[in-house]
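[1] sequence first, predicted model second:
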Amino acid sequence: MAIEVVFEKRINNATVYREVDVDQRRQIYLLTSLAVLFALGVLLYGWQQYRWIQLGYEIETLQKKKDDLLNYQNNLVVERETLTQFERIDSIARTKLGMVLAAPGQIVTLTPDEIPGADPASPEVAAVTAPQEVR
């Protein structure tokens, strides 16, 4: 049987100075800057897509609001036309308000040139400006 003896030699590398590899450092800086540019490009693209989707939602909301306002406008036009029908106004005036047609002589028609020069104390102007009694 053979006996093997191993001697261990401890080496202290704390004092060893390694030279900086300029080419390797340049490659690391280049790779890092390319990675940063790529990341910025991806972020810019993502931000554009996000804004595009967000603006699409805003457009949809505004189109819905526009459609609602147009519908409301159409409803108001229909309501105005309904409320201004002369037959409806006449029937309400006769039934609910108890109005009747004016008797002959109750309606006085004046031309615009008669009013400004007229004397306010004259009986014709007083008759026109006084409230008429409905019989």
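    The structure has been received and is ready for your questions.
[2] going forward, measure contacts between C-alpha atoms and count neighbours the same way
    Fine.
[3] check this structure for its longest helix and report it.
    When the chain is parsed with DSSP state H, its longest helix is helix 22-83.
[4] what number of residues lie near L43?
    Each residue near L43 was counted by other Cα atoms under 10 Å, and the total is 12.
[5] kindly apply the preceding question to T95 instead.
    Residues near T95, counting by other Cα under 10 Å, number 10.
[6] just L76 next, same as before
    12.
[7] so it versus G98, what's the distance?
    Distance, L76 to G98, by Cα to Cα, to the nearest Å: 29 Å.
[8] rewinding a little: which SSE is immediately downstream of the longest helix of the chain?
    helix 86-95 (DSSP states H and E).
[9] other SSEs contacting that next one?
    Using 3 or more Cα pairs under 8 Å, 6 or more residues apart in numbering; DSSP states H and E, no helix or strand is in contact with helix 86-95.
[10] next, the angle from it to helix 22-83.
    Angle of helix 86-95 versus helix 22-83, following axes from the mean of the first three to the mean of the last three Cα atoms, to 10 degrees, is 50 degrees.
[11] roughly how far out does helix 86-95 sit from the chain middle?
    42 Å (Cα atoms, centre = their mean, to the nearest Å).
[12] same question for stretch 71-84.
    24 Å.
[13] look at D68 and report its pLDDT.
    What the model reports for D68 is a pLDDT of 98.
[14] poorly predicted segments of this structure, please.
    113-135 (pLDDT under 70).
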